[in-house]
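>>> Please find the sequence and the predicted model below.
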Number of protein chains: 4
Amino acid sequence: MKQEIKPATGKLGILVVGLGGAVSTTMITGTLAARKGLAKPIGSISQMATMKMEDGQEKLIKDIVPLTDLNNVVFGGWDIFPDNVFDAAVYADVLKAKDLLAVKDELEVIKPMTAAFDHNWAKRLNGTHVKPIENRWDMMEALRKDIRDFKVANNCERVAVLWAASTEIYIPMSDEHMSLDALEAAMKSDNKDVISPSMCYAYAAIAEGAPFIMGAPNLCVDIPAMWEFSKKMDVPIAGKDFKSGQTLMKTVLAPMFKTRMLGVSGWFSTNILGNRDGEVLDDPDNFKTKEVSKLSVIDNIFEPEKYPDLYGDVYHKVRINYYPPRKDNKEAWDNIDIFGWMGYPMEIKVNFLCRDSILAAPIALDLVLFCDLALRAHMSGIQTWLSFFCKSPMHEFNQEPVHDLFIQWRMVKETLRNMIGEKSPSYLD
Amino acid sequence: MKQEIKPATGKLGILVVGLGGAVSTTMITGTLAARKGLAKPIGSISQMATMKMEDGQEKLIKDIVPLTDLNNVVFGGWDIFPDNVFDAAVYADVLKAKDLLAVKDELEVIKPMTAAFDHNWAKRLNGTHVKPIENRWDMMEALRKDIRDFKVANNCERVAVLWAASTEIYIPMSDEHMSLDALEAAMKSDNKDVISPSMCYAYAAIAEGAPFIMGAPNLCVDIPAMWEFSKKMDVPIAGKDFKSGQTLMKTVLAPMFKTRMLGVSGWFSTNILGNRDGEVLDDPDNFKTKEVSKLSVIDNIFEPEKYPDLYGDVYHKVRINYYPPRKDNKEAWDNIDIFGWMGYPMEIKVNFLCRDSILAAPIALDLVLFCDLALRAHMSGIQTWLSFFCKSPMHEFNQEPVHDLFIQWRMVKETLRNMIGEKSPSYLD
Amino acid sequence: MKQEIKPATGKLGILVVGLGGAVSTTMITGTLAARKGLAKPIGSISQMATMKMEDGQEKLIKDIVPLTDLNNVVFGGWDIFPDNVFDAAVYADVLKAKDLLAVKDELEVIKPMTAAFDHNWAKRLNGTHVKPIENRWDMMEALRKDIRDFKVANNCERVAVLWAASTEIYIPMSDEHMSLDALEAAMKSDNKDVISPSMCYAYAAIAEGAPFIMGAPNLCVDIPAMWEFSKKMDVPIAGKDFKSGQTLMKTVLAPMFKTRMLGVSGWFSTNILGNRDGEVLDDPDNFKTKEVSKLSVIDNIFEPEKYPDLYGDVYHKVRINYYPPRKDNKEAWDNIDIFGWMGYPMEIKVNFLCRDSILAAPIALDLVLFCDLALRAHMSGIQTWLSFFCKSPMHEFNQEPVHDLFIQWRMVKETLRNMIGEKSPSYLD
Amino acid sequence: MKQEIKPATGKLGILVVGLGGAVSTTMITGTLAARKGLAKPIGSISQMATMKMEDGQEKLIKDIVPLTDLNNVVFGGWDIFPDNVFDAAVYADVLKAKDLLAVKDELEVIKPMTAAFDHNWAKRLNGTHVKPIENRWDMMEALRKDIRDFKVANNCERVAVLWAASTEIYIPMSDEHMSLDALEAAMKSDNKDVISPSMCYAYAAIAEGAPFIMGAPNLCVDIPAMWEFSKKMDVPIAGKDFKSGQTLMKTVLAPMFKTRMLGVSGWFSTNILGNRDGEVLDDPDNFKTKEVSKLSVIDNIFEPEKYPDLYGDVYHKVRINYYPPRKDNKEAWDNIDIFGWMGYPMEIKVNFLCRDSILAAPIALDLVLFCDLALRAHMSGIQTWLSFFCKSPMHEFNQEPVHDLFIQWRMVKETLRNMIGEKSPSYLD
């Protein structure tokens, strides 16, 4: 039952789309600080979490499965602005000066490659560090070349591509997305309405044998064509939309209500944030993509068809408000209307003063490291076991996504145990 | 593997200590309303929750195991005030007039027996409907007689005794509690310092072959002497302290932080409530008992010894404030200081506008019905599988309590499955 | 200096536009209850507030100036639904059954006249109890007739017209609003783009010598043409937009920051409400009208031109969300980002769980009674002294509105004192 | 009418009791930064606020009355710890490194004199930098000598003494406090039960002709003996207890409810803070002093005797909780239960994430500068016009304190206008 896993030898290149963004620069700074012993990689499952083995012993996950060591990681990527990672991190204003200065030299040498970009897919962004290529197929070919060049230049054995850039405008799934042939045809005929820039990145990564991780809610890799392609190329894909703050909370509170058979009549969620991400989401077309991602969670957990008395009429509303004073310190306010015994109403209000990038950075890192592990274990296609990290876990049409955080966590552990032929010590672990 | 379970024939008497309190009257009113089809027993696992069977089919728990039907339940009990349940419910001011009036006749005929009471154990209470007995052994004998008389008068096949009365003052475990012999000696010698009134109720129940459920954090049945006695008499005991509002939330949020490897530096919990329960807890001696119960939860979940970087220094403070304007609508405000990637701090504030009795009523009912099931399945002693409903799950010295709500829920399901010789359909259910 | 004030003899008819709405039905029920001694008119300045006289004595305002007694008030009005006030109040679901039943007979006989309505001005509303008149001038004439008929039928000496109906869509002031001549021409030529239904009500009221009060943020009476007309007819007008919840709070907190010289970088205000008002505001065109009204407050108080370091860059955002589970129990959540000594940031979050109509009802009543007083004191045109009750106090072009609640309150008291030739006992009163 | 005011020539020494505390070090750092142009003295009325003159012109207060210029201020004081102000500020952890480093040299040379201290009055404090004097009269004499020495050493023309140290334990007013003679007798006979260390500081200051400001709620200078002494010596005294966060909010919200005739049934206020102040207040005896100060506010504003229906039964509770994770970032959570029209209840929750010292620093500075102005204007005794800055404004027995922030503000302006013979331009200013 134990899987054959290639050891994590050589360097792993992590190529980030949106290299200068808040999430990327925070992830990179923290990783560099961690390997220098200057900071703990708090929030990272791959670095800090433990699991109980069959014999009852508890071990760090990274001592159980052969993850790439942080010392063997090299960072690179693309951005629509030319700043190096240090300058970009200063601009993002997430981390304190002393934390950035401690790894300044290493951050300054990480410079973005020019990005594949189409202003129509993110109208609030006006980048200048952009490839002068509009044709989708050519875009993709240029990105493939970037990946190959980076690999050689940095002496990487393997590469993974991570999307930590903006939310693109909403598009529904269409015929062009339904098979690899159709997708390639659409790219070649340069159908700009259905082929987003992010799809070019995803295609390029998969074509180069690199795992692709979608951190935003973009449709991108969540289409049959990409599922097919990734399986064909024996490459893992994961996503979508990092589950960081408000939705993380939801996938814990909703199971609580359900486990305790408490009814829910409404859930109102509002967010204020002032970073570039917030600016992009201020455009209704881009917000639509995010909204769809955020709304799906609750219904799936509540199963209103099974419990119509409790969850048959949940009014769920999600709002995101661009509010510059808050910068990256995204704040969520939730009002949840519940009812209990004899239908009596009660309310829960949750005010989460979080930091978007602080929560997202370890998720991004973990997804990369676990996808790289999956690659070496020949686990291709959608990595459902990584739903744990995602607001909208990808899944094939005949599957249901799992949103409950604790069930997702069991899936992570079970998958890791299966990889090494271990069994759970008990039904509780 | 399947257990022998006696069918739920005949009547089940539910004898409540604190019959006129907010929790009892709410539970009784709702149960009567539910069996008339006037209200849904929302929040009740025994009445509304489902489980997946080995064959993938999902069934109501009450259709899987032989629970006593609500139609076969008779209510009675003790109180230090002489009001019948209708008058007491009006005083408690939890339920709306129309809900009480719909079952007025049935409520009015339920009248409390005189209570065994000692003012020193609850100084804020001044009841008049009290047995003129101070000697502990005599108290207990009088209660045994009450139980027997009730059983006959109401033609009950079985009886269960539920403590839904006040929190007694704090006492540590002492030698007198360590064995049944020692306990009986202390009761006989009328040692009022170590034998609380609640212990007389518990002893009486067990002696009469009735399950005993402790809904408050009182030491009472959580001592080796009672564990021994309940096993000797083949009677289940369960408790302690209903997990209703703030602690319910804690046992869901703490696992979230831990699952995601987010650190916690402080957790401040305050409560305002204005019912009789709040009044009793305004006395520092009684609050101490509650505080101990509320504080234990977090450490147990966080396992600071395993994760010193994350949970080695959690400042946990719990406050309860008597605040009459709020009546039974207990309100909790929690401030949680967490930290993530590179140690950056974030905050979560949870404001729970709950209704104490609305949350506690279905828990009380479920504990009674599941203990009655356990009795018929010959499961004696502490019912750890019912930890799901308790703030301070009782456990023998060589065991660790389980606080995580979702692990507790797995324990419930596994126990029920074992009773009927079923297996879990998958590791996720 | 003392003004000549006609005594409050005879009956005062209060004609409400939106007679069946939540605010109207709550105001009427409470007024009827108050005159029967069943409830206190809490929140009503005219009924409960006191003022200090020159001699230091403190008296009820209603004992100082000749206000119409509640016993001499008759209610009537228009609505787009035919329900009588009792049925409408039951539908509005603001008041408890026992409060409505106590005055059921009196409420049932109050029935709305058919409304003047144009669906384009409130697209979410679909009323049936509507005059079959589209032409604006004819609409107005029909309303004048309604007023005259009501006066006769109810034997009223005086009448006041109160708009407690929905927010109309946003329109800017245009040439047609600049003079009475231009307005009348536009009405006669039936220019439906610039003449809203509410203008027809206002014109009709003024033409009939009745004060007109605008409780919504509609442009309506806040145009030079109406100012001119009301002065010409010697009639008071007042408004606009009842200052009930969130804005009331703002006009108290903003002065606090300013008085203490604390800076403000952002103010985010969100609202959830589920009544008909919320449904109408869910339409962006109608919300625009409300937003303009709500946004103006802060700037006016902060005077950023005088204090650029403190208030030169306040990011102010207001959101209203239709959220049915909340019904009339509108809830506001404000996040205010302030900064103090050396520029250090702090935050204030205010969560106001209010009841829209409970707060608005006494304001509506007070505005009517004070306008009726003003009428008898020959104070025509905009009643700036009633800014105290309004989110967007009307003012002529050469004036600045006053938003600070406590300055507004001084204006009320000063005006009342002037009416009766009294002086303030000290600069503090 | 214009008062004779000595010009603000020469240096003003500001001697702070608790020189190394969070408030003092923040005040000093900000003042030094402001005079270097590195930071704005935000929150300071004396430095930033304006007033309208009789001619309608608006001027900075500091341009209207002759305040001491920040450039002419010298800092010194006492502390029970020997650290210089820079080191103490680093320990206090209120200000960011870059703000402290910018004035490091100036801060380092400010070193505390040994403090007069009695451990019984603040049991949670264990200072070492303490005068070896226990006798109260000797203590006072030593402090007088300190003041004289400082004046000479620093070439000060005038000196003011500011208490920014801890809250002492609660004591009621007793006979020894009723006259100067009795007080001096008690000091001479070393009655340690009624003479607190803070009284020695106050007596010493007044004896040396220096204004004394009490920033804590200590009884200290709020006794007839001190009122008498300060008038005899022609010295102003001010206090007590800086009105910074939660109480500031209360003195604004309570007037709002009252102005709008909204009833209040309860007000629950809780605070969490983790600085040394919080640690001291964790002792019930010290908390008592603070509680008395915090509780008085509401009743005084509401005047329940005049409005029994609205404020006759307000349940007011204040809690302060020592909670180290929060450090100086004191956080307040208030729940206010109000009721309106027909008695319907509503709730307001205010969560103030403030910074104790950031709010208190400008208040401390203003009180010193205004008291120094009062000294030069021969305004001796209690400075009631400075109630604006105080939680418990001192007042003689035949006076009522004023708590309403906006009335207090009018008192400040009126007093300043009187000093220079100006009149208010209108009743609104």
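Here it is on my side, so go on.
>>> so what's the nearest residue to residue A:314 once chain neighbours are set aside up against?
Leaving aside its sequence neighbours, residue A:314 sits nearest to residue A:264 (CB to CB, 6 or more residues apart in numbering or on different chains; 5.1 Å). Backbone N, C-alpha and C define where each C-beta goes, glycine included. Applying CB atoms under 8 Å, 6 or more residues apart in numbering or on different chains, we find residue A:264 in contact with A:254, A:257, A:302, A:310-311, A:314, A:336-339.
>>> Of these, keep whichever come out buried.
A:254, A:257, A:302, A:310-311, A:314, A:336-339 (16 or more other CB atoms under 10 Å in any protein chain shown).
>>> tally of neighbours for the closest residue in space to residue A:121 that isn't next to it in sequence?
The shortest distance from residue A:121 to any non-neighbouring residue, by CB to CB, 6+ apart, is to residue A:168 (4.5 Å). Counted with other CB atoms under 10 Å in any protein chain shown, the neighbours of residue A:168 add up to 24.
>>> Inside strands: which ones of the buried ones among the contacts of residue A:264?
In this view, the buried ones among the contacts of residue A:264 that belong to strands under DSSP state E are A:336-339.
>>> from the residues you listed, which single one is nearest residue D:148?
Here the nearest of these to residue D:148, counting by CB to CB, is residue A:336; it sits at 64.7 Å.
>>> Who does the residue lying closest to the closest one once chain neighbours are set aside form a beta bridge with?
Computed as CB to CB, 6+ apart, the closest residue to residue A:336 that is not its neighbour in sequence is residue A:348, at 4.5 Å. Following DSSP bridges, residue A:348 is listed with bridge partners residue A:336, residue B:352.
>>> separation between residue A:348 and residue B:248?
In this view, residue A:348 and residue B:248 are 11 Å apart by CB to CB, to the nearest Å.
>>> Which residues of the stretch 51-200 of chain A lie near chain D?
Taking CB under 8 Å from any CB of the partner chain as the contact definition, the stretch 51-200 of chain A meets chain D at A:97-98.
>>> Look up the closest residue to the residue located most distally from the centre of chain A, ignoring the ones flanking it.
Distance from the centre of chain A peaks at residue A:342, with 41.2 Å (CA atoms, centre = their mean). Computed as CB to CB, 6+ apart, the closest residue to residue A:342 that is not its neighbour in sequence is residue B:39, at 4.2 Å.
>>> Give me the secondary structure label for that neighbour.
coil (DSSP: H, G, I helix; E, B strand; the rest coil).
>>> which helix of chain A spans the most residues?
In chain A, with assignment by DSSP state H, the single longest helix is helix A:356-376.
>>> which other helices and strands contact that one?
strand A:11-17, helix A:22-35, helix A:45-48, strand A:156-163, strand A:212-214, strand A:236-239 (3 or more CB pairs under 8 Å, 6 or more residues apart in numbering or on different chains; DSSP states H and E).
>>> could I get the ones you listed as JSON lines with distance to residue D:234?
Putting those into JSON lines (distance: least, CB to CB, whole Å) gives the following:
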{"stretch": "strand A:11-17", "distance to residue D:234": "72"}
{"stretch": "helix A:22-35", "distance to residue D:234": "61"}
{"stretch": "helix A:45-48", "distance to residue D:234": "67"}
{"stretch": "strand A:156-163", "distance to residue D:234": "74"}
{"stretch": "strand A:212-214", "distance to residue D:234": "76"}
{"stretch": "strand A:236-239", "distance to residue D:234": "77"}
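>>> Where does pLDDT dip in the stretch 101-250 of chain A?
Of all residues in the stretch 101-250 of chain A, none has pLDDT under 70.
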